[in-house]
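1. Build the 3D model from these lines:
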Amino acid sequence: MSAWGNELVRNLTRTASFAATAAIALLSSCSGNSDQPVTEAPPSNSPGPSAPAVPGASSKVQAYRFLNQATFGATEAEAERLIALGDAATRYSRWIDEQMALPESTQRTYTQAALPPAPRPAGYDYSRQNMDREDIWFQNSVQGNDQLRQRVAWALAQIFVVSQVSLNNRYPMGLADFYDNLARNAFGDFRELLQSVTLHPMMGVYLSMLGNRRPNVALNIRPDENYAREIMQLFTIGLVQLNPDGTPKLDAGDEPIPTYNQAVIEGFAHVFTGWNWACSNGSPNPCNFTTTTGTVPNQFLPMELFAAEHDTGEKRLLTYPNPVKSVLPAGQSATQDLGDALDNIFNHPNVGPFIAVRLIHRLVTSNPSPAYVARVSAAFDDDGTGRRGILGAVVRAILLDAEARTPASTADPEASKLKEPVLRLTQLWRAYNGRAASGKCYNINGDGLNTGVSLPFGQGPLQAASVFNFFSPFYAPPGETSDAGLVAPELQITTEYQNTLVTNFFYQQAFNRNSRSNVSSNIVRVDIEEEMALAADPAALVEKVVQKLLAGEISPALRTQAEQLVARVPDTDAAARAATALWLISTSPDFATQR
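-> Take a look at the predicted model:
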């Protein structure tokens, strides 16, 4: 490599490695925004006006901010289309209406079609997780029209966690169907979603509800408590009682009040007995609780009830004001027990603020004000027509709220958050028409090993290391962020090692996997032809990248450095100049931060 090339790489790598540190500083400088004036959101079932924009913020900047919250990455074309939908008071609501009317892009049909008939080589099904299931996830996320639905499904998948990093690795069709279920219900009834998740065999395998048996003292069998615990702690209500604004309720001693105890866990564990793989083609005949097994068809069929293995005794559930059956009487059917138990959870007053906080985290900001949480929680409790738990109303309330629509400048970063690593990749691919000649996206590392997106990025579709997701919603880096009482969940996986992997990936993407690269037909390439046409003018080239990735908003220091570094590349190498600008901007704190 030439001298200019060595210096260029050193400078770019140093700048890119500061992205996480700069993002920490940006988030740490916040003092919270609970005292900021806000405008009440319109009724959540109404396409009413969104909050007025802050004076001075361009329509393109506003559009990019909205689209980075509501899609897998803003693009110039979609920003222009959004702006054309109307003035700032109506365009966002109209866009949401359009998106909610679109059917979901699915994964299971594609994944299943790629699986040849049995018998298959040992381990063959495992390989389809990355070759097919992850591939179609990227196709839907980067190229799908139903962007809002897919983005909400991605958020829900980080609440209702199942993962291929488990026994589920052998069930690619099941995991694809589980994600399809989240997408299908992304705007629907939370109570229905809760039941479909509970009875999905992938959740049954992951949290050991599948095959859960009634107690038998003689055989030392006790119902498994895994799903009973996680459906409360991680999926719906959390560990402590909440006010509608998401703050914890305190007892007379100023201590948080627990939402449940061990007796409640045991009560739900007994509810969730008697369910197993559905009997289907491929299961032994006759099929029963002990002989049914996982096959291709029943990877996605709801678990089947085997009544003889369901505990019919009395069961204690959650107690709160006006509960739906806090105690289930003995002798009820398993179906009645399940319905009553899920109703008991669904109607708990914690569910609204619990879900509000987690969806706001994933879509808009890591540190919403209590007032913002309360408004979204109210939309969960009542969508404007008296219905509870309508997720479409919740999503609308999140995206149209004043705190979501008020742009945060670099000098006023209170609404900022670090982008999830995968969302940086999908935005880059969407902005630069990332495509593989074969149409596939699975060979993400370019090494033919199909190791999946989770290796370089620390996360991937249904690839969390545990049921606690890729990161905790309560994570706060030690120091200024923690001291200020703020959280920054994404920073839990933004380690120096992970940031180096991401930086290296973007280097490979910009320099070796672009429209002028000769690579495998399965490698995604980005289109840099427009940038190459401007390569003789470093300022114009940098501006083109900034417009595509940042809506034209860039820190002066980054702009100056980018122009200077581009100018150091020989003007005879247009592709290298274009790649240099693209790499530096895509690995910068400006691009890593969602404002």
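
2. all helices for the stretch 251-400 of the chain, in order.
-> Ranges of helices in the stretch 251-400 of the chain, per DSSP state H, counting those that start in this stretch, are 262-271, 334-346, 351-363, 370-381, 391-400.

3. Make CSV out of those and add mean pLDDT.
-> As requested, the helices of the stretch 251-400 of the chain are exported to CSV (pLDDT from 0 to 100):
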stretch, mean pLDDT
helix 262-271, 98
helix 334-346, 98
helix 351-363, 98
helix 370-381, 98
helix 391-400, 98
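
4. Can you name the element that comes right after the least confident helix or strand in the chain by mean pLDDT?
-> Ranked by mean pLDDT, DSSP states H and E, the helix or strand of the chain with the weakest confidence is helix 19-28, at a mean of 41. From helix 19-28 onward toward the C-terminus, using DSSP states H and E, the following helix or strand is helix 59-70.

5. Can you name the residues in contact with that next one?
-> Contacts to helix 59-70, defined as Cβ atoms under 8 Å, 6 or more residues apart in numbering, come from residues 53, 73-75, 78-80, 82-83, 88, 92, 95-96, 99, 147-148, 151, 363-364, 399, 404-405, 407, 419, 423, 427, 550-553, 594-595. For the C-beta atoms, the positions are set from N, CA and C on the backbone; glycine is no exception.

6. buried ones in stretch 528-540?
-> I528, E531, M532, L534, A535, D537, P538 (16 or more other Cβ atoms under 10 Å).

7. Kindly report the same for stretch 571-590.
-> Residues of stretch 571-590 classed as buried: 574-590 (neighbour count, 16+ other Cβ under 10 Å).

8. before we move on, what about stretch 477-484?
-> By 16+ other Cβ under 10 Å, the buried positions in stretch 477-484 come out as P477, T481, A484.

9. With respect to L501, which of those is nearest?
-> P477 (19.2 Å; Cβ to Cβ).

10. Let's verify the closest one: helix, strand, or coil?
-> With DSSP: H, G, I helix; E, B strand; the rest coil as the basis, P477 sits in coil.

11. How much space separates it from G339?
-> Going from P477 to G339 by Cβ to Cβ, to the nearest Å gives 43 Å.

12. Kindly tell me how buried N522 is, as a neighbour count.
-> By the criterion of other Cβ atoms under 10 Å, N522 has 19 neighbours.

13. Map the structural domains onto the sequence of this protein.
-> In terms of domains, the chain is parsed into 3-30+416-456+489-594, 108-143+160-234+260-346 (source: automatic domain parsing).

14. Could you give the separation of the shortest one from the chain centroid?
-> Its chain's C-alpha centre and that of domain 3-30+416-456+489-594 lie 21 Å apart, by Cα atoms, centre = their mean, to the nearest Å.

15. List the contacts of D245.
-> Residues in contact with D245 (Cβ under 8 Å, 6+ apart) are P353, P370, A371, V373, A374, S377.

16. Which two among those residues are spaced furthest apart?
-> Applying Cβ to Cβ across those, the maximum distance is between P353 and A371, 12.0 Å.

17. Compare neighbour counts for the two and give me the winner.
-> Using other Cβ under 10 Å, the more surrounded residue of P353 and A371 is P353, with 25 against 18.

18. Low-confidence regions, the stretch 451-595 of the chain specifically.
-> Low-confidence segments of the stretch 451-595 of the chain (pLDDT under 70): 451-454.
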